[in-house]
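Novice: Sequence and predicted structure below; questions after.
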Amino acid sequence: MKLDEEQFERSLPPQKMTLRERLEDIRIRLKGDGVGATVARGASATFVARVVGMFVGFGLSVVLARILGATDYGTYVYALSWLLLIALASQLGLRDSIIRFAAAAYSQADWGQLRGMTRFSNRWTLSISLCVLPVAAGLLWVLSDSLAPSLVRTLASGLILIPVLGLVGVKCAQLVALGRPVYSTISDLVARPTALLFGIVVAYLMLGPGFSPATVMRITVGAAVFTLLLCLYFVRISTPTEARRAEPVTDRKVEWRNVALSIFLLSAMNLINTRADVLMIGGMLGTTEVGLYSAANRYAQFLPFPLYAINSLAAPMIASLWAEGRREEIQRIVSLGALAIGGIAIPAAVLLIVAGRPLLEVYGSEFVGGYDALVWLSIGQLGTALGGSVVQLMTMTGYHRFAARMMAASAVVNLTLNFLLIPRYGITGAGIATATSIVLVNLGMVVFVRRRLGFDPTLFGFIRRARLR
């Protein structure tokens, strides 16, 4: 016992270390095989990819706003928001379901189940999307007389995005389940906006400054098709040879479908929470206000991006560790993630609130009108970030139905508040409504996870663990 204690003491870092010694100690620890080192390495690569994608997306939004102006930029964003909402229906919750079941099959080398889940998700997504597409086209034709011609043309130009984005979402989920979250991030958040930005620049040089939102939407379709092809390539090189040769096993497809449908409600409610404000602003106030609000929202989206980077790696690890009963390692993963998330999100929120007006002028002087909305959206997204990996803890441990109910309640609150506040306070009312619903749902989930599962995904959980050492 004495020897063990001596070895333990020697393994601890010195109490007083120079900066150089601390950096060297961190470098050595990151080379280890422990959970913390694994999370740090994987999350770092995904984090870098997300940072690149975030700045490319931001640059794209600025270019579009500068070229199109607030009204046409709002038309494009409004049309794209509707198409994204419809595209979600073609996935029917499969994205998180794939991560949950395929990641478990991959970790257990159950190649038949892995291939079966992959084939099932591909076919189901394609079938549903091909059914949704003509329905959406029919609705657009029926409503065309009551919509602005520019909006009709933009929506019509982007209808094919419904099946394409549905398949992109499924393929990105398969990459995460195969332990390749960086490939998933590069495809969806780096390659797609980069291809779109390249297409916009080429179109601008060829057509001049006067091209329409419909033209931008057609370029968006081309970028999405390119992303799908890239995802297909990444999935192929990431899938083990044994899995490609295995006979597909689909004896659990009823379970997959039931879980996917439950998670679909969660995903739908989450998308409503993130898109309802834009859709309702467009319906009540017009596309110019959509443009102003979208610029503010683009800045606010900077706050939770470290959370998404952590979750892209943590979700499959939580699923695997939960199946193996390794609760302490799950807590360690979410605690390390909470430290990284809080360390970035809190200073970023302060910056947006203090310097919001000059930051919005980057889009153009007319976009400064979205500052008040930016303040409220920053508060709401900070609530998302500080909630930690709470959604992943619920969906990856079998509590997806309860999470879906909480998201549904949040969506009802969001829709109700937007309906009440937008007519009176404009886009600032939309920011208040969205921030309130986001904070409430994250608070409720954190309380549930702490009481039912015994995990604390917040920064306080990390502080508490540090004090106990």
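Specialist: That came through, no problem. This structure is a prediction, so every number in the text was calculated from the model and none was measured.

Novice: List the contacts of Ala191.
Specialist: Applying C-beta atoms under 8 Å, 6 or more residues apart in numbering, one finds that Ala191 lies in contact with 226-227, 230. C-beta here means a position set from N, CA and C on the backbone, and glycine is covered the same way.

Novice: Redo those as JSON lines? Include distance to Val441.
Specialist: JSON lines is the format used below for the contacts of Ala191 (distance: C-beta to C-beta, whole Å):
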{"residue": "Phe226", "distance to Val441": "35"}
{"residue": "Thr227", "distance to Val441": "30"}
{"residue": "Leu230", "distance to Val441": "33"}
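
Novice: Mind putting those into CSV with neighbour count and secondary structure?
Specialist: Shown next, in CSV, are the contacts of Ala191 (neighbours: other C-beta atoms under 10 Å; DSSP: H, G, I helix; E, B strand; the rest coil):
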residue, neighbour count, secondary structure
Phe226, 19, helix
Thr227, 27, helix
Leu230, 20, helix
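
Novice: Trp111: which of the residues you listed is nearest?
Specialist: Nearest to Trp111 out of those is Leu230 (C-beta to C-beta; 24.2 Å).

Novice: Can you tell me how far the residue nearest to Arg452 when sequence neighbours are not counted is from Thr288?
Specialist: Of all residues not flanking Arg452 in the chain, Tyr399 sits nearest, at 7.1 Å (C-beta to C-beta, 6 or more residues apart in numbering). Tyr399 sits 42 Å away from Thr288, going by C-beta to C-beta, to the nearest Å.

Novice: Figure out the helix or strand that the residue nearest to Ala323 when sequence neighbours are not counted lives in.
Specialist: In this structure, Ala323 finds its nearest non-sequential neighbour in Ala104, 5.5 Å apart by C-beta to C-beta, 6+ apart. According to DSSP states H and E, Ala104 maps onto helix 94-107.

Novice: For that helix, list the C-alpha coordinates in PDB.
Specialist: Written as PDB, here are the backbone C-alpha positions of helix 94-107 (Å, rounded to 0.1, in the frame of the first residue of the first chain):
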ATOM      1  CA  LEU A  94     -32.300   9.500 -37.900                       C
ATOM      2  CA  ARG A  95     -29.300  11.700 -37.300                       C
ATOM      3  CA  ASP A  96     -29.100  11.200 -33.500                       C
ATOM      4  CA  SER A  97     -30.500   7.600 -33.800                       C
ATOM      5  CA  ILE A  98     -27.600   6.700 -36.100                       C
ATOM      6  CA  ILE A  99     -25.000   8.100 -33.700                       C
ATOM      7  CA  ARG A 100     -26.600   6.200 -30.900                       C
ATOM      8  CA  PHE A 101     -27.000   2.700 -32.500                       C
ATOM      9  CA  ALA A 102     -24.200   2.800 -35.100                       C
ATOM     10  CA  ALA A 103     -21.600   4.000 -32.600                       C
ATOM     11  CA  ALA A 104     -22.500   1.200 -30.300                       C
ATOM     12  CA  ALA A 105     -22.300  -1.300 -33.100                       C
ATOM     13  CA  TYR A 106     -18.900   0.100 -34.300                       C
ATOM     14  CA  SER A 107     -17.400   0.000 -30.800                       C
END
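
Novice: Following element in sequence after it, please.
Specialist: Next along the chain from helix 94-107, counting by DSSP H and E, comes helix 111-143.

Novice: May I see the buried residues of that next one?
Specialist: For helix 111-143, the neighbour count (16 or more other C-beta atoms under 10 Å) marks 111-118, 120-122, 124-125, 128-129, 132-133, 136, 140 as buried.

Novice: now swap in stretch 385-405 and tell me
Specialist: Buried residues in stretch 385-405, counted by 16+ other C-beta under 10 Å: 385-397, 399-404.

Novice: quick one on the thing from earlier: need the contact list for the residue nearest to Ala323.
Specialist: The neighbours of Ala104, taking C-beta under 8 Å, 6+ apart as the test, are 110, 319-320, 323.

Novice: Also Phe455?
Specialist: The contact partners of Phe455, taken as C-beta under 8 Å, 6+ apart, are 327, 330-331, 334, 393, 449, 461.

Novice: which of those residues are buried?
Specialist: Buried residues within these, counting neighbours by 16+ other C-beta under 10 Å: 330-331, 334, 393, 449, 461.

Novice: could I get the residues you listed as a markdown table with distance to Met217?
Specialist: Output for those, formatted as a markdown table (distance: C-beta to C-beta, whole Å):
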| residue | distance to Met217 |
| --- | --- |
| Ile330 | 42 |
| Gln331 | 45 |
| Val334 | 39 |
| Leu393 | 37 |
| Val449 | 40 |
| Gly461 | 43 |
